[in-house]
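after the sequence you'll find the predicted model.
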Amino acid sequence: MSDLLKVKSVHLGPAPCAVDLGDGSERGEYVNQDYILHKLGRPHRAINLMYCYYPLDEGWPLRASVAHENDGVGGAWGYPYDDYFPYLGGLEGNREGEPFNFMRDVRRHGQDVLLTLTVDPHVSDEQLIAIAQDLRTFGRVFLRINHEATGKWFSFNKRCTYQEVADFYVRFHKIVKREAPNVLTILCIGGIEEMNAEKTVMEEEFMEAVKVTDIWSVDKYLALHWGWPNDIAEKGVHTSSRTPVKDVLQMTKMSYERWKYLCGGVSKPMVMSECNADGDTTGPYEQAEIMQEWFDRIKDGPESWFSGFTYYQFRDRGRLGLEIEDPNNPDVGVEQPVMDVYKNMIHHPYFQPTMQNGQEVSFPARLRWGSSEDSDGIAIPLEFEQNPVFCEVYFDDELKDLNLMMEINGHWFYKAPGVGCVDMMSAFFKKPLTSGCKMDLHIFAPPASGENDPSQGADWQDNYYTVIPKLPHIRIRYEAPVSARK
C-alpha cells in the first residue's frame, strides 16, 4: 500500500500564537518529553528549562538548597545563590550533565530549547563565551538571561545595582551574538505594571537592553501565591494576589507598545515567559476557568502583537502545574482540572503550528529540521474507509535508526532510534472517524542526538538533515483478526 502513495513535501511553520511549556524549576523536577507528549498529544514550540550559574560562590556547583541546607534559610530566594538547578557546563564544567541531557531530550522530540539562566554578573567574559559555545550545536535556542530583572528576589539583583544588571545583559547578549548566532536572547523585565503608567519599570536603566535584545518578555501571573512554600494562602494572609485577565493582557500590550516606541517604531516579538493562575490562590476549579478565559481572549481578540507565552509549568510541588507532584513519589503527577483546558486549547488552530504541503517527492528523500517553526518533512496521503481498529507504522532495518516526529488526525507521536513500530491508534480514541475520509500522515526528522552536526555544511547551526530512503509500511485494519462478536 505505502509503496504506491504519492508523497508530498510539507513545511512546518509558526502558529499564530506559540505555546511553550515550563518543565522543572525550584518548584518541581524535570519530566521526560515522552510522558508529556503522551499526556498532551502534541509537542510545544519550546520547553523552558530553568538553571543558574554562580561559579564564584561557595558551595557551587551544588544546588543552593543542598550546599546551604543547614543555614536556616526559608524559601528558594534566601540562599546565597538562586535555588535553581546548577548549570554544569561553561568554563569549569562539561556537556555530559545538565541541562544538556534534558536539552537533547527536548530537541529529539521536535521542540526548541528555552533556557532560563540566572547568572552572577561578576563572571568573566571567558565564562560567558564558554556558555555561548555550549549552545552552538542545539539549533535555535531561546536564552532568557536573568529574568524578572527589575525585581528584588534573585541573587543577581541583591549583589548588583539595576544598572549593573542591565549592563550585564547587554554584555552577555553581545557575546552570544558573536559566539552562537543560533541563539535568540529574551529580555524579561517588569514592563508596565500599573494601568495608568506611562513608562516601563526601570526604563532608563534597561533602555539599551530593550534595544539590543532579540525578544521582549514579561512574566505575568493571573494569580500567584508568592509566599509558597513558607505559608498557606488563607484569607488574611497577604502573600498572594490576582489580576483580571483583561488587565494583564492590556498591561502586556502597553509594555510592547512602549518598548516599540523606545526603539523608534521597530517591533520585536513579544512573549510572556511565565503565565498561569496559581491554584493556591484560586482553588483548582477557578484556576481552570481563569486559564480558559486567558486562551479565549487571545484566540478571539486582535492580539497579533502577541507572539506567544510559556505555561508555568507541567508538574509542580505547589499548584502551578498541570499536574501537582505526589508528595509520596516525585515521579508521579496528580492531574489537575486545568489539564483538560490546557490540552483542549493547545489543539486549537490558533495555537497550532501550520503545515503546508508542497511538491511531490521521490525517495530517497532529504528532510530538513530547522526549528519547531521552520522545518521540512513529508506528507503521506492515507485513505480511511471508517474508524480503524488498528493503525500502525512499521520500520524495517533500513528505517529503524531514524528519529522521527509524526502527526495524524491532530495527534503527534515520537519514534526513537531503534523502534520498529509505532501504534497510532491513540489518535482515534478521543477523536474517532465518523465516516471514511482522506488525511495525511506527516513525518519530520529532528536530530536523533538532539544536536546539530557541524559536518553537514555551512548552515549546520541552523539546520539538521536526515535522509529517509523509503516509506515505512503502514498497517490499517478495520476489524480484529479474531472476534467474538456476532
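Done, it's in.

can you list the buried residues in the longest strand along the chain?
The longest strand of the chain (DSSP state E) is strand 374-384. Neighbour-count burial for strand 374-384, counted by 16 or more other CB atoms under 10 Å, picks out 374-380, 382, 384. In this view, the C-beta of every residue, glycine as well, is placed from N, C-alpha and C.

redo those residues as CSV? Include distance to V419 and pLDDT.
Supplementary listing: the buried residues of strand 374-384 in CSV, determined by distance: CB to CB, whole Å; pLDDT from 0 to 100:
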residue, distance to V419, pLDDT
D374, 26, 98
S375, 20, 98
D376, 22, 98
G377, 18, 98
I378, 18, 98
A379, 21, 98
I380, 18, 97
L382, 20, 97
F384, 24, 97
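
helices of the stretch 101-250 of the chain, start to end?
125-134, 155-158, 162-179, 207-212, 245-262 (DSSP state H, counting those that start in this stretch).

circling back: identify the residues contacting the longest strand of the chain?
Outside of strand 374-384, the residues that reach it under the criterion CB atoms under 8 Å, 6 or more residues apart in numbering are 2, 5-14, 110, 355, 357-358, 361, 365, 367-370, 408, 433, 436-446, 468, 471, 474, 476.

can you list the strands that that strand pairs with?
Neighbouring strands of strand 374-384 in its sheet, by DSSP bridges, are strand 8-13 (antiparallel), strand 365-371 (antiparallel), strand 437-444 (antiparallel).

ok, back up a step: quick one: closest of the helices of the stretch 101-250 of the chain to L187.
Among the helices of the stretch 101-250 of the chain, helix 207-212 comes nearest to L187, with 5.3 Å by CB to CB.

show me what that closest one is packed against.
Other elements packing on helix 207-212 under the criterion 3 or more CB pairs under 8 Å, 6 or more residues apart in numbering; DSSP states H and E are helix 162-179, helix 245-262.

possible to save those helices as CSV with mean neighbour count, mean pLDDT and distance to H225?
Below are those laid out as CSV (neighbours: other CB atoms under 10 Å; pLDDT from 0 to 100; distance: least, CB to CB, whole Å):
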stretch, mean neighbour count, mean pLDDT, distance to H225
helix 162-179, 19, 98, 26
helix 245-262, 18, 97, 17
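
distance to E58 for the ones you listed - can I get that in CSV?
As requested, those are exported to CSV (distance: least, CB to CB, whole Å):
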stretch, distance to E58
helix 162-179, 21
helix 245-262, 37
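
of those, which is nearest R104?
Distances from R104 to each of the helices and strands packed on helix 207-212 were compared using CB to CB; the minimum, 20.2 Å, belongs to helix 162-179.

name the residues that touch the closest one?
Taking CB under 8 Å, 6+ apart as the criterion, the residues outside helix 162-179 that touch it are 119, 121, 125, 128-129, 132-133, 135-136, 143, 145-146, 149-150, 156-157, 160, 183, 185, 187, 202, 205-206, 208-209, 212-213.

and K268, what is it in contact with?
213-216, 259-260.

what about it, which SS state?
What DSSP: H, G, I helix; E, B strand; the rest coil gives for K268 is coil.

try the one 3 residues further on
Using three-state DSSP, the three-state assignment for V271 comes out as strand.

so where is this protein shaky, pLDDT-wise?
Counting by pLDDT under 70, the chain contains low-confidence ranges at 1-4, 74, 484-486.

buried residues in stretch 297-312?
Of the residues in stretch 297-312, those buried by neighbour count under the rule 16+ other CB under 10 Å are 298, 303, 306-312.

next: stretch 17-34.
Buried positions in stretch 17-34, judged by neighbour count with 16+ other CB under 10 Å: 17-28, 30-31, 33.

among those, which are located in helices?
Q33 (DSSP state H).

most widely separated two among the buried residues of stretch 17-34?
Largest pairwise distance in those, by CB to CB, is 27.4 Å, between C17 and E26.

can you classify K343 by secondary structure?
In terms of secondary structure, K343 is helix; the call rests on three-state DSSP.

return the member of the buried residues of strand 374-384 nearest to Y414.
For the buried residues of strand 374-384, the minimum distance to Y414 (CB to CB) is 13.8 Å, reached by G377.

quick one on the thing from earlier: in CSV: the strands paired with strand 374-384, plus mean neighbour count.
Converted to CSV, these look like this (neighbours: other CB atoms under 10 Å):
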stretch, mean neighbour count
strand 8-13, 18
strand 365-371, 20
strand 437-444, 18
